[in-house]
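Engineer: Quick one: sequence plus predicted model below, questions after.
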Amino acid sequence: MAASTPQSPHHQQQSSSPFVEYIRAPGGLDKVLLRGGRSCSVEIRLFGGQVTSWKNDHGEELLFVSSKANFRPPKALRGGIPICFPQFGSHGNLEQHGFARNRLWTIDDNPPPLPVNPAIKAFVDIILKPTEDDLKTWPHSFEFRLRIALGALGDLSLTSRIRNTNTDGRPFSYTFAYHTYFSVSDISEVRVEGLETMDYLDLKKERCTEQGDAIVFESEVDKVYLSTPPKVAIIDHEKKRTFVVTKEGLPDVVVWNPWDKKAKAMQDFGDSEYKHMLCVEPAAVEKPITLKPGEEWKGRVALSAVPSSYCSGQLDPLMVLHG
Ligand SMILES: O=P(O)(O)OC[C@H]1O[C@H](O)[C@H](O)[C@@H](O)[C@@H]1O
């Protein structure tokens with residue numbers, strides 16, 4: 001579906017689909033709203049190409065956005081799903097998490113087709129190309145196409161296609177993450193399944209191995225799990241809700257919760273908000289992706305929120321991960 005761009009400030013325009021709305025706002029804050037069945041919706045901000053809201057059937061917000069988040073560019077918004085590209089974290093010489101989260105993306109009017117998925121209710125295609133300044137810090141020409149789609153059952157998927165458009169014959173390499181902030185009721189009641197026994201890089205980028213048990217949270221966690229299986233489950237016991245994260249083309253998963261000390265040090269994050277968020281970030285960190293001119297990479301994530309079959313610790317992880 002080609003998308004038309006809005007015409008005037010504050011203008012709300014329906015696209016050709018009744019499920020996609022373009023909302024123009026001043027200060028580079030244009031948004032796209034995807035609507036699904038009942039109260040399901042997804043909001044995307046063109047600044048950063050960032051999903052800033054994902055609501056379920058009952059209109060409940062599933063992503064965390066800090067109450068202290070800075071909505072004004074040029075800083076990335078604390079919450080939702082920032083895109084980390086062409087660098088994850090400090091794994092390179094660029095600014096933390098790369099520049100894609102701090103750039104204005106545009107509607108992609110004519111994206112190359114993706115396989116038709118009949119379960120998709122609404123979607124939008126956006127694109128990022130480097131600015132002159134970006135080329136000074138990262139001298140590579142690229143087209144980064146991102147499709148954000150809301151499924152009929154309220155699931156959210158993001159498909160990234162990154163193409164090397166260098167005309168000088170040079171390849172480039174990058175690291176990447178969908179820096180997904182999930183909203184959770186109480187971090188001490190949450191566990192993550194699917195990363196048991198995995199190797200991970202700790203904060204010092206040293207390689208360690210996770211224990212055999214599901215991951216629970218009692219202090220700061222900042223780990224890059226390596227070569228992980230395609231599904232990870234985040235089980236929120238209190239809410240009786242499980243987020244299922246399914247990924248393709250993204251071998252690693254970053255798990256982050258800043259806990260109390262780091263929370264206090266972040267100016268755009270409330271002191272106690274660490275209790276209500278968890279970042280589980282499908283990523284490609286350990287082994288950078290290399291593209292030759294003309295080559296394209298695809299990395300996809302699908303998120304769904306399902307009621308936990310949890311009952312006093314009886315959740316069957318096999319049901320969640322493979323059922
Ligand atoms: O504050 P930011 O630049 O948005 O980064 C927030 C966090 O992102 C990732 O999860 C990293 O693993 C953390 O080390 C980092 O603190």
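Structural biologist: Okay, I see it.

Engineer: quick one: contacts for the residue in the stretch 101-250 of the chain positioned nearest to the ligand?
Structural biologist: The nearest approach of the stretch 101-250 of the chain to the ligand comes at Asp222, 4.6 Å away (CB to the nearest ligand atom). Backbone N, C-alpha and C define where each C-beta goes, glycine included. Contact analysis of Asp222 by CB atoms under 8 Å, 6 or more residues apart in numbering lists 202-203, 254-258.

Engineer: Then Glu273?
Structural biologist: 64, 66-68, 263.

Engineer: does the residue of the stretch 101-250 of the chain closest to the ligand sit in a helix or strand, and which one?
Structural biologist: In the assignment (DSSP states H and E), Asp222 maps to strand 221-225.

Engineer: Direction included, what does that strand pair up with?
Structural biologist: Strand pairing for strand 221-225, using DSSP bridges, gives strand 199-201 (antiparallel), strand 252-257 (antiparallel).

Engineer: how about the following helix or strand past that strand: buried residues?
Structural biologist: Sequence order places strand 231-236 as the next helix or strand after strand 221-225, per DSSP H and E. Neighbour-count burial for strand 231-236, counted by 16 or more other CB atoms under 10 Å, picks out 232-236.

Engineer: count of neighbours near whichever residue of the stretch 1-150 of the chain sits closest to the ligand?
Structural biologist: Ranked by CB to the nearest ligand atom, the top residue of the stretch 1-150 of the chain for proximity to the ligand is Gln96, at 4.4 Å. The tally of other residues near Gln96 (other CB atoms under 10 Å) stands at 13.

Engineer: Gly27 too?
Structural biologist: Neighbours around Gly27, by other CB under 10 Å: 10.

Engineer: Can you tell me the closest non-neighbouring residue to it?
Structural biologist: Arg72 (6.5 Å; CB to CB, 6 or more residues apart in numbering).

Engineer: is it true that that neighbour touches Pro26?
Structural biologist: No. Between Arg72 and Pro26 there is no contact under CB atoms under 8 Å: 10.7 Å.

Engineer: of these two, who's got more company?
Structural biologist: Arg72 (11 against 8).

Engineer: measure the more buried one to Asp30 for me?
Structural biologist: Using CB to CB, to the nearest Å, we find Arg72 at a distance of 14 Å from Asp30.

Engineer: how about Pro293, what does it touch?
Structural biologist: Taking CB under 8 Å, 6+ apart as the definition, contacts of Pro293 comprise 164-171.
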